[in-house]
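Participant: Just a sequence and a predicted model for now, questions to come.
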Protein chains: 2
Amino acid sequence: MSKKKGDKKAKSGKKKDLEGLSAADLAPAITQAARSMRTLLSRSLGETGLYAGQDGVILMLAEEDGLTPGQLALRLGVKAPTMTRTIGRMEAQGFLERRADGMDGRLTKVHLTETGLQSVEQIGRSVADCGSLAAKGLSDKEVRTLLKLLRTIEHNLQPALTED
Amino acid sequence: MSKKKGDKKAKSGKKKDLEGLSAADLAPAITQAARSMRTLLSRSLGETGLYAGQDGVILMLAEEDGLTPGQLALRLGVKAPTMTRTIGRMEAQGFLERRADGMDGRLTKVHLTETGLQSVEQIGRSVADCGSLAAKGLSDKEVRTLLKLLRTIEHNLQPALTED
DNA sequence: GCACGGAATTAAATTGTTTATTTAAAATTT
DNA sequence: AAATTTTAAATAAACAATTTAATTCCGTGC
């Protein structure tokens, strides 16, 4: 029995050695890229006292302050309990604060503190720098292609994660 | 002052609405795709009793049994301590076992158990299925393009994570 | 008045990283 | 050749993100 990879057709050896690769290799590839990205971003963020995962919360609140944990979780693609924990830590660290909603007692609204606001710029820079380093050698068009493909994947996966 | 996004040139609105996107959006996009992938894979793997992150260990050992924790960590793109703990849990779960190396007292070799071997096929299927679902609607060429771009990113990030 | 649903939280399990410790092999020095 | 230093591999401990499952609390409707 032959191996699973590398014996498809050996078409013409034109481009690179991506011959036997297919959708089955997607999960590992994305996982690994994300891990590297996360580690690098974490280090870059380290100076601000933030962790990778918290950056999105700050940036989202910078765009629209006073979001609820549920709204933040939804927009950042994370489950609610994750957001609760992250918000808790960030509140303890002084980046944001929770305020009860006057109208609806079930809601909590999250607001950036002065410290949080001051960190926005540097966080944006770290995220952008990380992306730039990752995209080194790629044309703008290639970057947009990559983003488009990632968006497609996300779009394909979303329903499977929501349904039950 | 204008916003940072969406006012580049508005070139011609040809393709989609990817106008203002650039490298700065890479980190969030990859992170989110990886999260979705991981969650879906985790659910698919749930029946075998495995967690996302453990699948790679099994598949790697299926290709080459008796690797050391360090080799596994290197090949799976994870730090050594992560591998040590994961191996420990998987050993407790009965999927693999550690054996001391006779030659070099520092080395530990990791071997699949019968249970581990039996899980290989289903894990491979889960990973592949997850990739297939993610790639739904994409041509083979697009998938290969995506893999190539991810590989480039990984290649760009690697040095920054190793150096120090 | 009481049941149902939604929002937030808590609890438990795991991967992941960084920093620091242990133990064994290699290299260097005396 | 013996002792000391250095390097390498595995592990331990501490901290954060993430998910699922279960709980609590509040608002609405029957």
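Facilitator: In hand now; what should we look at? Numbers count the residues shown, from 1 in each chain, chains lettered A, B, ... in the order given.
Participant: tell me which residues in whichever strand or helix holds A:Val120 are buried?
Facilitator: Element membership for A:Val120 (DSSP states H and E) is helix A:114-134. Applying a neighbour-count criterion of 16 or more other Cβ atoms under 10 Å in any protein chain shown, one finds A:116-117, A:119-120, A:122-124, A:126-134 buried in helix A:114-134. C-beta coordinates here come from the backbone N, C-alpha and C atoms, glycine included.
Participant: and that helix, anywhere near chain B?
Facilitator: Yes. Helix A:114-134 reaches chain B (Cβ under 8 Å from any Cβ of the partner chain) through A:Gly124, A:Val127, A:Ala128, A:Cys130, A:Gly131, A:Ser132, A:Leu133, A:Ala134.
Participant: Could you check which residue of chain A lies nearest DNA strand C?
Facilitator: The minimum distance from chain A to DNA strand C, using Cβ to the nearest atom of the strand, falls at A:Gly70 (2.4 Å).
Participant: For that residue, pull up the helix or strand it's in.
Facilitator: Here A:Gly70 is assigned to helix A:69-76, by DSSP H and E.
Participant: Distance from that helix to the middle of the chain?
Facilitator: 13 Å (Cα atoms, centre = their mean, to the nearest Å).
Participant: if we can go back for a sec, and the furthest pair within the buried residues of helix A:114-134?
Facilitator: A:Leu117 and A:Ala134 (27.3 Å; Cβ to Cβ).
Participant: Can you report phi and psi for A:Ala100?
Facilitator: phi -70, psi 140 (degrees, to the nearest 10).
Participant: sorry, back to before: keep only the buried residues of helix A:114-134 that also lie close to DNA strand C.
Facilitator: By Cβ under 7 Å from any atom of the strand, no member of the buried residues of helix A:114-134 lies near DNA strand C.
Participant: between the residues you listed, which is closest to B:Leu26?
Facilitator: Using Cβ to Cβ, A:Gly131 comes nearest to B:Leu26 of the buried residues of helix A:114-134, at 3.7 Å.
Participant: Give me the distance between the closest one and B:Thr113.
Facilitator: A:Gly131 sits at a distance of 42 Å from B:Thr113 (criterion: Cβ to Cβ, to the nearest Å).
Participant: Show me what the helix holding A:Val120 is packed against.
Facilitator: Packing contacts for helix A:114-134, counted by 3 or more Cβ pairs under 8 Å, 6 or more residues apart in numbering or on different chains; DSSP states H and E, involve helix A:26-45, helix A:55-63, helix B:26-45, helix B:140-162.
Participant: want to throw those into JSON lines with distance to DNA strand D and mean pLDDT?
Facilitator: Output for the helices and strands packed on helix A:114-134, formatted as JSON lines (distance: least, Cβ to the nearest atom of the strand, whole Å; pLDDT from 0 to 100):
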{"stretch": "helix A:26-45", "distance to DNA strand D": "8", "mean pLDDT": "95"}
{"stretch": "helix A:55-63", "distance to DNA strand D": "8", "mean pLDDT": "97"}
{"stretch": "helix B:26-45", "distance to DNA strand D": "5", "mean pLDDT": "95"}
{"stretch": "helix B:140-162", "distance to DNA strand D": "13", "mean pLDDT": "94"}
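Participant: my guess is A:Ile58 meets A:Gly49, correct?
Facilitator: No. Under the criterion of Cβ atoms under 8 Å, A:Ile58 makes no contact with A:Gly49, lying 11.5 Å away.
Participant: Around DNA strand C, pick out the residues from chain A.
Facilitator: Checking chain A against DNA strand C by Cβ under 7 Å from any atom of the strand, the hits are A:31, A:35, A:38-39, A:42-43, A:68-71, A:80-81, A:83-85, A:87-88, A:98, A:106-108.
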